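[1] Need coordinates for the following:
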Amino acid sequence: MNGPRSGRPRVFTWHVHGTYLYYLCHAACEFYVPVKPGKPEGYGGRAGSMPWPQNLHEIPAEAVCRQEFDCVLFQSERNYFFDQYEVLSPEQRRLPRVYLEHNTPASSPTDTRHAVDDANTLLVHVTYFNRLMWDSGRTPTRVIEHGVLVPEEIGWAGSLARGVTVANDVAARGRRLGWDVFQAAAARVPLDLIGMGSEDIGGLGEMARDRLLRTLPAYRFFFNPIRYTSLPLSVCEAMALGLPVVGLATTELARTIENGVSGYVDTKTEALIDFMELLVRDRGLAEQLGRGARERARARFGIERFAQEWTETFSEVCGRRPASPASLTRNGGP
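    Sure thing, here's the model as predicted:
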C-alpha cells in the first residue's frame, strides 16, 4: 500500500466521539470504522441517531486486517495502545498515522507528556489551548478547530426566560465540569440541564442531536460552567444557533466569547450570575448578543473550513511515508 493511488484518501478510525465523527465525515475522504456484536466502546460503527453520510463505512472488526487503507486515525489511548494491535495487520500498522486528541491533559494541566511520542505521527489538537497545555515532545502537532453545522431554518427565539447547560455526567465528574458552579448559579437563575445522567439530578436527560438543536433556540442563553475541559461542541452549536454564551473565562472559552459582543465570560462566579439575571430580564440584550455569537460561529466554526483543513491534512499525510515532521507545524508553532 503506497498511499492513495487515486481518488479520496481512505481513512480507518474508530467511533469514539459520535458528534465529532459526524462532522469529520464532511471531509472529502472515505472513512472506515470497525463494528463488533453488541457495539462495545469504539466499535459502534454507524450507531446512534446521527444522519451518517455515505462516506462512512462499517467493517466487521475481524475483516479490518484484509482491507486497504491509506491512513489510520487514532482518537484515544485505547485505540493507540490496544485496539490497533487487535484489528490491524502489521502492514496496516505501518501506514501514515494521525492522532486526534479531543481532550485537555488530565493528570497535570501543564506537565503531562502526551502518550504519542513519534516524529512520524501527526498529533492534531482541537483547540489552541489544548496544544498549549499538552507536552507533545518531539511529535509534530497542528490545530484544527471545531466545525459545526446546524439547520439553517432554525435559530434563536429566546421565548423561555431561562438558561440552558449541556453537559454529560456533570454531577459524577464534579468540579472539573463545574457541578458546584452550576448549582450556585441555579440557586439564583432559572437553568435547565441537558445531558447524560442529568435526569437523576433534576435535569432533562440526554437528547438526540436533532432534538437538541431544535430545543436550544427557545432558551434565552447558554451557560457553560465547566472549569477545565476542551471546548465543547455544544458551545459551538449553541453559538451557531444564535444563543449568547455565558461561562467561565478558562480554557478555550476565553478566546471564543467576546464580552458584550457574543456573551460574557469571567472567572468570578458572582459576575456570571449577575449577567445571567440580566439576560433573563432583558430579552433584547440576549438577542443582540445572540446575533454576535452566530456571526462569530459562522466565521470561526464553519463546516466548510473544518472539512477543508481535514481534507488537506489527510491528503498531506497520506502522500508521504514516513511523514516528514519538518513540514508540519510543531508544538508551540503558529
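
[2] From Lys36, how far out is Tyr23?
    Using CB to CB, to the nearest Å, we find Tyr23 at a distance of 24 Å from Lys36. (Each C-beta comes from the backbone N, C-alpha and C, glycine too.)

[3] More neighbours: these two, which one.
    Tyr23 (21 against 15; other CB atoms under 10 Å).

[4] so that one touches Ile303, yeah?
    Yes: using CB atoms under 8 Å, Tyr23 is in contact with Ile303, at 6.6 Å.

[5] residues bridging contact with those two, i.e. touching both?
    Common neighbours of Tyr23 and Ile303, using CB atoms under 8 Å, 6 or more residues apart in numbering, are Gly147, Val148, Leu149.

[6] Tell me which stretches of the stretch 1-150 of the chain form helices.
    18-24, 77-78, 84-87, 128-133 (DSSP state H, counting those that start in this stretch).

[7] can you tell which of those helices is closest to Val235?
    helix 18-24 (12.2 Å; CB to CB).

[8] Who are the packing partners of the closest one?
    For helix 18-24, the packing partners by 3 or more CB pairs under 8 Å, 6 or more residues apart in numbering; DSSP states H and E come out as strand 30-35, helix 233-241, helix 303-318.

[9] Now the last one: average pLDDT?
    Looking at helix 303-318 alone, the average pLDDT works out to 95.

[10] Which strands or helices does that helix pack on?
    helix 18-24, strand 71-74, strand 97-101, strand 121-125.

[11] mind listing what's buried in the longest one?
    If I follow you right, that is helix 18-24. Thr19, Tyr20, Leu21, Tyr22, Tyr23, Leu24 (16 or more other CB atoms under 10 Å).

[12] Turn the residues you listed into TSV, including pLDDT and distance to Pro140.
    Shown next, in TSV, are these (pLDDT from 0 to 100; distance: CB to CB, whole Å):
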residue	pLDDT	distance to Pro140
Thr19	95	27
Tyr20	97	21
Leu21	97	23
Tyr22	97	27
Tyr23	97	23
Leu24	98	20
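
[13] Looking at the residues you listed, which is nearest Arg209?
    Thr19 (6.4 Å).

[14] Who are the packing partners of the helix or strand of the chain with the lowest mean pLDDT?
    Ranked by mean pLDDT, DSSP states H and E, the helix or strand of the chain with the weakest confidence is helix 170-173, at a mean of 93. Here helix 170-173 touches helix 179-186, going by 3+ CB pairs under 8 Å, 6+ apart.

[15] what's the spacing between the helix it packs on and its chain's center?
    23 Å (CA atoms, centre = their mean, to the nearest Å).

[16] what does it rub up against?
    Contacts for helix 179-186 (CB under 8 Å, 6+ apart): 165, 170-171, 173-174, 191, 193, 223, 225, 227, 248, 269, 272-273, 276.
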